[in-house]
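Chemist: Provided below are the primary sequence and the corresponding predicted coordinates.
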Amino acid sequence: MTDRSEPSPAIQDLIRRGEAARREGIGSRFAADPQRFATLSARLDDLLLDFSKTALGTEDMRALLDLANTAEVEGKRDAMFAGAAVNATEGRAVLHVALRGHVGDGFAVHGAPVGPAVEDVLQAMGQFSASVRDGTMTGATGKAFTDVVNIGIGGSDLGPAMATLALAPFHDGPKTHFVSNVDAAHIADTLRRLDPETTLFIVASKTFTTIETMTNAAAARAFVADALGEDAVAAHFVAVSTALDRVADFGIDATRVFGFWDWVGGRYSIWSAIGLPLMLAIGPENFRAFLNGARAMDRHFATAPAGENLPILFGLIGWWHRVAQGYGARAILPYDQRLARFPAYLQQLDMESNGKHVGLDGQRTPTATGPLVWGEPGTNGQHAFYQLLHQGTDTIPAEFILAANGHEPALSHHHDLLVANCLAQSEALMRGRSLSEARSQLLGKGVDPAEAERIAPHRQFDGDRPSITILHARLDPYTLGRLIALYEHRVFVEAQLFGINAFDQWGVELGKELATGLLPVVTGETDATGHDSSTAGLVAALHAMRN
Ligand code: F6P
């Protein structure tokens, strides 16, 4: 592989623009343009993307739209929607959009329509969910299921776990639990609270080889078999997978498997049968609304002009922050407690997709690629890490997500406080507080002038810290669908600008291979010969502590 090549002249120009914009700041742009919010915001119905509190100028946005044109973002989007093998390193189509399409939308892979098969699985999921929810499908002893445990990891866990929490106000089905970590604590703590007679397990794994999932599934199987007998196991397990042969080897009957396809990436699979625990919790109708929300965003992404296209604009701003302005991280700050798992979900979506240093041409990318993605819900984060966002030495663009309405009308005062805090944070990040303001504030409080001089620098904030706000009417299944699809397409747009394949994840393989090799060393079957002295030393110390 060659060294990183030079960025194109257009990218170099944008990097110069990014530096100039940083010097100019954000507040001064508002002062110069009273129409700034109107110009630098876009919406799809009630879903509003406000990017006016970034350092972007309208000329910069024009240059970014030119970049999108040069990178053929729209053409590549069309190729993805047309079922081309855009996952070039694995030779696969990428068609999660077909999972939320209608049969008439005509999605196809290699010319073969996929809509009917998608609809068949949705129907099967719907019937199964209805029978669990109304109690006609029971466990081996004839009792209705009160609890569902999803066993999966990564894309087979994060999506349904995040969305099930997000849509708590819509739950009217069995209680759902999620077990992902191979740490026995996770399954043990979950099973301890459950009755095997009334618990249904979903083993969710695209490949049905993932060690964590297989190990946890075996423990769950033993939990049922020990309590109710081996014959009871079949009635308490279903599987979600693309690998039907491996599911059969595990002992789950083909009639209890919900399939999906190799053109659905793990981190894009919430829309497939991987969404079964969500459907069980909120019901088939609400699940359809969730899919329809994503479809609305897909239609918008596929048809809206680039300058009004939310995913394209969102991707361009993400690229601007990462490459033109050189910011290495982005903070996801949902002012919504039920979106507590959304940052973790986006970590996989974004970092597993765009954490790559090799371009589609096999060369090192000419620019930085995906940033570090992290976050927590507000207002909790305000009392933890926001100090660094406001006064730390690094600038971290923040992405606020806010609903105009909560789900608790009797406690609407809480929601007003939540909203006020969210708006205050983006304003504070942008505005900052000058040294003279800090000084006058102290003097106004009657602080001694010498002391005010000493303290004022500590109370000064640079400001000009960028943020984006996504505002929507209320977090319901339809809006959650739109929100996730917005981020999915944003990741796609950024990948085209970076020139990388967003749909493979070879970087996670090495750790898995080494873990397999280290297991016999940990169990003492083999020694640590061939491992580095740190690894060997840690294994020796660990063995000593075990004895
Ligand atoms: O290790 C990464 C990964 O392959 C993810 O991409 C995927 O979502 C996760 O593991 C789980 O994979 P599976 O669904 O095949 O068990």
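Modeler: Structure received.

Chemist: Next, count neighbours for the nearest residue to His171 once chain neighbours are set aside.
Modeler: Counting by C-beta to C-beta, 6 or more residues apart in numbering, the nearest residue to His171 once its immediate chain neighbours are dropped is Ala281, at 4.9 Å. (Each C-beta comes from the backbone N, C-alpha and C, glycine too.) Using other C-beta atoms under 10 Å, Ala281 is surrounded by 25 other residues.

Chemist: Now do the same contact list for Ala281.
Modeler: Counting by C-beta atoms under 8 Å, 6 or more residues apart in numbering, Ala281 makes contact with Val148, Thr164, Leu167, Phe170, His171, Gly173, Pro174, Thr176.

Chemist: Settle this for me: the second one is touching Pro277, isn't it.
Modeler: Looking back up the chat, that one is Thr164. Yes. Thr164 is within contact range of Pro277, at 6.1 Å (criterion: C-beta atoms under 8 Å).

Chemist: which residues do those two both contact?
Modeler: With C-beta under 8 Å, 6+ apart, Thr164 and Pro277 have common neighbours Thr176, Phe178.

Chemist: And Gly444, what's its pLDDT?
Modeler: Listed pLDDT for Gly444 reads 97.

Chemist: Who are the contact partners of it?
Modeler: Under the criterion of C-beta under 8 Å, 6+ apart, Gly444 has no contact partners.

Chemist: Not counting stretch 261-273 itself, show me its contacts.
Modeler: 83, 87, 92-96, 98-100, 109, 114, 117, 121, 125, 154-156, 158-160, 163, 206, 240, 242, 258-260, 275, 278, 291, 294, 348-349, 352-353, 484, 488, 503, 505.

Chemist: Just the buried residues of the residues you listed.
Modeler: Listed as buried from the contacts of stretch 261-273 are 83, 87, 92-96, 98-100, 109, 114, 121, 125, 154-156, 158-160, 163, 206, 240, 242, 258-260, 275, 278, 291, 294, 348-349, 352-353, 484, 488, 503, 505; burial here means 16 or more other C-beta atoms under 10 Å.

Chemist: Narrow the residues you listed to those in strands?
Modeler: Counting by DSSP state E, the part of those found in strands is Val109, Val240, Phe258, Gly259.

Chemist: coming back round to it: looking at the contacts of stretch 261-273, which are in helices?
Modeler: 96, 98-99, 117, 121, 125, 158-160, 163, 278, 291, 294, 353, 484, 488 (DSSP state H).

Chemist: between the residues you listed, which is nearest the ligand?
Modeler: Set against the ligand, the nearest of the ones in helices among the contacts of stretch 261-273 by C-beta to the nearest ligand atom is Leu158 (7.8 Å).

Chemist: out of everything not next to it in sequence, what's closest to the closest one?
Modeler: Nearest non-adjacent residue to Leu158 (C-beta to C-beta, 6+ apart): Tyr345, at 4.8 Å.

Chemist: pretty sure that neighbour is in contact with Thr164, am I right?
Modeler: No. In this structure Tyr345 lies outside contact range of Thr164 using C-beta under 8 Å: 11.4 Å.

Chemist: Need the three-state assignment for Thr526.
Modeler: Of the three states, Thr526 takes coil according to DSSP: H, G, I helix; E, B strand; the rest coil.

Chemist: and it, how many neighbours?
Modeler: When neighbours are counted by other C-beta under 10 Å, Thr526 registers 13.

Chemist: again, but for Ala398
Modeler: Around Ala398 there are 24 residues (other C-beta under 10 Å).

Chemist: check contacts around the closest residue to Gly91 other than its chain neighbours.
Modeler: In this structure, Gly91 finds its nearest non-sequential neighbour in Ala85, 5.3 Å apart by C-beta to C-beta, 6+ apart. Ala85 makes contacts with Gly91, Arg92, Ala93, as judged by C-beta under 8 Å, 6+ apart.

Chemist: of all those, which comes closest to Gly57?
Modeler: Of all those, Gly57 sits closest to Ala93, with 38.5 Å by C-beta to C-beta.

Chemist: wait, the closest one sits on Ala84?
Modeler: Yes. Counting by C-beta under 8 Å, Ala93 touches Ala84, with 6.5 Å between them.

Chemist: quick one, helices of the stretch 101-250 of the chain?
Modeler: 115-133, 158-166, 184-191, 211-228, 233-236, 244-250 (DSSP state H, counting those that start in this stretch).
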